[in-house]
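*Asks:* Here is my input, please return the structure:
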Amino acid sequence: MTQRAEDLAADSPVREDRPDRARLVGSLGVSSIVFMVVAAAAPLTVVGGGVPLGILIGNGVGFPTMYAAAAVLLVLFAVGFAMMARHVPRPGAFYTFIRYGLGERSGLAAAYVAVVAYTMSQVAVFGYIGYILGNAVAAVGRPDIPWWLFALASIAVVGILGYRDIDLSSKVLAVVLIAEVAVVLVIVGAVTVSGGAEGLSLAPFAPANVLSGSPGVGLMFGVAAFIGFESTAVYRDEARDPHRTIPRATYLSVILVGVFYVIASWGMIMAWGPSKIMDVVAEDPGSTILVTAAKYFGAAGATITNVLLVSSMFACVLSFHNVISRYQHSMAMSGTLPRRLAHVHARHRSPHVSSLVQTSTAAVLVVLFAVLGLDPVRQVFGWFSSGAVLPVVLIMAATSVAVIVYSRRERVSESMWSRIVAPGLAFVGLIGAAVLIIANFPTLVGDVDGKGVPAFGIVSAILLGAMVISAIMGWVQATVKLSRSRRAT
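*Replies:* Okay, here's the model as predicted:
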């Protein structure tokens, strides 16, 4: 069976003339999609958690440059990604693009891995939200309520919004995103106006600082901070003009997030000074953003920042919920998942069944983690958020190859830069990033041996094994599906 025949054999057995099994529709513009995609990156959460850790165990004062390097790499990836969005008239992002380029087996394997990785990311943040809300309630003298009850309450709110019209989610995300970005820029502005602790400088971009410490770990944190931007293509059917909206939203998401991270991380270093920032982040990485806000705006500034940190994580899980429910809907539309997941709500025009399934999945996992007694930050958040980085990077690398193969096979009328050069450079960069992540995977997920030294162990095996098993499941299902198609013809 030829590649084109595989695509046709696998395409959409679901009847789209049924009102309850139809393509999603909407009128999302560039700004609405950008809000949802950038919200998934959770910029304030990255600044509050990722930046201190990147400085501490990465390349120190030179860490801001890693965000710039990651942005350049992902802009290269976005070139081919945007090209595919113009030529492949279906939602599904990684799943669809890899399927059209490398075949049904590779596409379905990537789809299962993506769903598992995004689900891990979402549940990880629910754990962190539960922990922060629990601490906040305890701090005002209220009863000590378990973290998982707050996590389940958050899942319920996200589920309600995900069940409704996508426009409602986009409005909520827009308000939250503007607030969290604004508070960081206000802090950076105060640092700039005051001249910083040791004066303003370009020390973070000096070659000696960029190459200090562990640049590989720093780049790993840099790339991880962008995960989620590729979900622009998932909203294709709900975009006002997908041929223009999706590519523009993709480029804007990468560029805006990249510029924001560089400015925010530079501002944090200037707030304490290049000679003192390492001591500050080493004392308590998780509260660096809060003590920075308190230093320049007092206790009120720290309180506001803490509230927005919670809202940032809420925006993150809502965005991931929307992405996962649409991934499942797209897979159901092609007959891969149960057809009921392809149902679209008559009034809200949302993938409501898929949304309910994702809500239930998150709730079951949180209850399971609570029964197992996992720590909500060190284990739920630390293990699963870090464990989702590698599979997404590998899927992006596979997508870059799919772009090249598809454009050559279909003789796409695009420039050599869009078809070959940019995707090729992105593939090389992403594979390099994947190698760095694998080499540092135990450190990333906090897996240590009996002496407390980072080493591949049970946690690493479970997280990597989940990805391998999900990929095998997708490959086997696609093989069975194609075999049945051959017998039918």
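*Asks:* What are the boundaries of the helices in the stretch 251-400 of the chain?
*Replies:* 277-283, 288-333, 352-372, 382-387, 389-409 (DSSP state H, counting those that start in this stretch).
*Asks:* So which elements touch the third one?
*Replies:* By that I understand helix 352-372. helix 104-139, helix 147-163, helix 288-333 (3 or more Cβ pairs under 8 Å, 6 or more residues apart in numbering; DSSP states H and E). To be clear about C-beta, it is placed using only N, CA and C from the backbone, and glycine gets the same treatment.
*Asks:* and of these, who's closest to residue 488?
*Replies:* Nearest of the helices and strands packed on helix 352-372 to residue 488, taken as Cβ to Cβ: helix 104-139 at 14.7 Å.
*Asks:* hang on, the earlier thing: right, and the helices and strands packed on helix 352-372 - which one's nearest residue 350?
*Replies:* helix 147-163 (6.3 Å).
*Asks:* relative to helix 352-372, how tilted is that closest one?
*Replies:* 170 degrees (axes from the mean of the first three to the mean of the last three Cα atoms, to 10 degrees).
*Asks:* Can you spell out which helices and strands pack onto helix 147-163?
*Replies:* So helix 147-163, by 3+ Cβ pairs under 8 Å, 6+ apart, packs with helix 104-139, helix 166-194, helix 288-333, helix 352-372.
*Asks:* how about a markdown table for those helices, with mean neighbour count, mean pLDDT and distance to residue 443 added?
*Replies:* Shown next, in a markdown table, are those (neighbours: other Cβ atoms under 10 Å; pLDDT from 0 to 100; distance: least, Cβ to Cβ, whole Å):
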| stretch | mean neighbour count | mean pLDDT | distance to residue 443 |
| --- | --- | --- | --- |
| helix 104-139 | 24 | 87 | 17 |
| helix 166-194 | 19 | 87 | 27 |
| helix 288-333 | 23 | 87 | 19 |
| helix 352-372 | 19 | 93 | 22 |
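*Asks:* can you tell which of the ones you listed is closest to residue 460?
*Replies:* Of the helices and strands packed on helix 147-163, nearest to residue 460 by Cβ to Cβ is helix 104-139, at 13.9 Å.
*Asks:* so what does that closest one touch, helix or strand wise?
*Replies:* Contact partners of helix 104-139 among helices and strands, from 3+ Cβ pairs under 8 Å, 6+ apart: helix 3-10, helix 94-102, helix 147-163, helix 288-333, helix 352-372, helix 382-387, helix 389-409, helix 458-488.
*Asks:* Let me have those in a markdown table, extended by distance to residue 186.
*Replies:* Shown next, in a markdown table, are the helices and strands packed on helix 104-139 (distance: least, Cβ to Cβ, whole Å):
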| stretch | distance to residue 186 |
| --- | --- |
| helix 3-10 | 50 |
| helix 94-102 | 36 |
| helix 147-163 | 26 |
| helix 288-333 | 8 |
| helix 352-372 | 33 |
| helix 382-387 | 27 |
| helix 389-409 | 30 |
| helix 458-488 | 37 |
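*Asks:* Ok, which of the ones you listed comes nearest residue 439?
*Replies:* Nearest to residue 439 among these is helix 389-409 (10.9 Å), distances taken as Cβ to Cβ.
*Asks:* Tell me the buried residues in that closest one?
*Replies:* With burial defined by 16 or more other Cβ atoms under 10 Å, the residues of helix 389-409 counted as buried are 389-407.
*Asks:* That helix - contacts with which helices or strands?
*Replies:* Helix 389-409 packs on helix 64-87, helix 94-102, helix 104-139, helix 215-224, helix 422-439, helix 458-488, going by 3+ Cβ pairs under 8 Å, 6+ apart.
*Asks:* Now distance to residue 368 too, for those, in TSV please.
*Replies:* Listed next are the helices and strands packed on helix 389-409 as TSV, based on distance: least, Cβ to Cβ, whole Å:
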stretch	distance to residue 368
helix 64-87	33
helix 94-102	26
helix 104-139	10
helix 215-224	25
helix 422-439	26
helix 458-488	13
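*Asks:* Among the ones you listed, show me which one is buried the most.
*Replies:* helix 94-102 (a mean of 27; mean count of other Cβ atoms under 10 Å).
*Asks:* Can you list the low-confidence ranges for the stretch 1-150 of the chain?
*Replies:* 1-27, 90-93, 139, 141 (pLDDT under 70).
*Asks:* one more time with 50
*Replies:* 1-21 (pLDDT under 50).
*Asks:* go on, the stretch 151-300 of the chain?
*Replies:* Checking the stretch 151-300 of the chain against pLDDT under 50 turns up nothing.
*Asks:* and if we set it to 90?
*Replies:* For the stretch 151-300 of the chain, applying pLDDT under 90 flags the ranges 161-181, 213-251, 253, 283-288, 290, 299.
*Asks:* quick one on the thing from earlier: how about the helices of the stretch 251-400 of the chain in JSON lines, adding distance to residue 40?
*Replies:* Formatted as JSON lines, the helices of the stretch 251-400 of the chain follow (distance: least, Cβ to Cβ, whole Å):
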{"stretch": "helix 277-283", "distance to residue 40": "25"}
{"stretch": "helix 288-333", "distance to residue 40": "4"}
{"stretch": "helix 352-372", "distance to residue 40": "14"}
{"stretch": "helix 382-387", "distance to residue 40": "12"}
{"stretch": "helix 389-409", "distance to residue 40": "12"}
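*Asks:* nearest to residue 231, of these?
*Replies:* Comparing these by Cβ to Cβ, helix 288-333 comes nearest, at 4.4 Å.
*Asks:* Quick check: which of the helices of the stretch 251-400 of the chain is nearest to residue 249?
*Replies:* For these, the distance to residue 249 is smallest for helix 288-333, at 13.1 Å, taking Cβ to Cβ.
*Asks:* Which one, of the helices and strands packed on helix 389-409, ends up nearest to residue 256?
*Replies:* Comparison of the helices and strands packed on helix 389-409 against residue 256 by Cβ to Cβ identifies helix 64-87 as nearest, at 9.7 Å.
*Asks:* chain center to stretch 64-77, what's the gap?
*Replies:* Chain-centre distance of stretch 64-77: 15 Å, with Cα atoms, centre = their mean, to the nearest Å.
*Asks:* Need the residues that contact that stretch.
*Replies:* Contacts to stretch 64-77, defined as Cβ atoms under 8 Å, 6 or more residues apart in numbering, come from residues 54, 58-59, 204-205, 210, 215, 218-219, 221-223, 225-226, 229-230, 251, 254-255, 257-259, 261-262, 265-266, 269, 396, 399-400, 422-423, 425-426, 429-430, 433.
*Asks:* Let me have the helices and strands packed on helix 352-372 in JSON lines, adding distance to residue 385 as columns.
*Replies:* JSON lines is the format used below for the helices and strands packed on helix 352-372 (distance: least, Cβ to Cβ, whole Å):
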{"stretch": "helix 104-139", "distance to residue 385": "4"}
{"stretch": "helix 147-163", "distance to residue 385": "14"}
{"stretch": "helix 288-333", "distance to residue 385": "10"}
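*Asks:* wait, which of the ones you listed is closest to residue 366?
*Replies:* Nearest of these to residue 366, taken as Cβ to Cβ: helix 147-163 at 4.8 Å.
*Asks:* Just the buried positions in that closest one, please.
*Replies:* Buried, per 16+ other Cβ under 10 Å, within helix 147-163: 147, 148, 150, 151, 152, 154, 155, 158, 159, 161, 162, 163.
*Asks:* between that helix and helix 104-139, what angle do the directions make?
*Replies:* Using the same axes, to 10 degrees: helix 147-163 against helix 104-139 is 130 degrees.
*Asks:* Restrict helix 147-163 to CA atoms and write it as CSV.
*Replies:* C-alpha atoms of helix 147-163 as CSV (Å, rounded to 0.1, in the frame of the first residue of the first chain):
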residue,chain,number,x,y,z
TRP,A,147,-3.9,19.0,48.6
TRP,A,148,-5.8,16.5,46.5
LEU,A,149,-9.2,18.0,47.5
PHE,A,150,-8.1,21.4,46.1
ALA,A,151,-6.7,19.6,43.0
LEU,A,152,-10.1,17.9,42.5
ALA,A,153,-11.9,21.2,42.9
SER,A,154,-9.6,22.7,40.3
ILE,A,155,-10.2,19.8,37.9
ALA,A,156,-14.0,20.4,38.3
VAL,A,157,-13.7,24.1,37.4
VAL,A,158,-11.5,23.3,34.4
GLY,A,159,-13.9,20.6,33.3
ILE,A,160,-16.8,23.0,33.3
LEU,A,161,-14.9,25.5,31.2
GLY,A,162,-13.6,22.8,28.9
TYR,A,163,-17.2,21.5,28.4
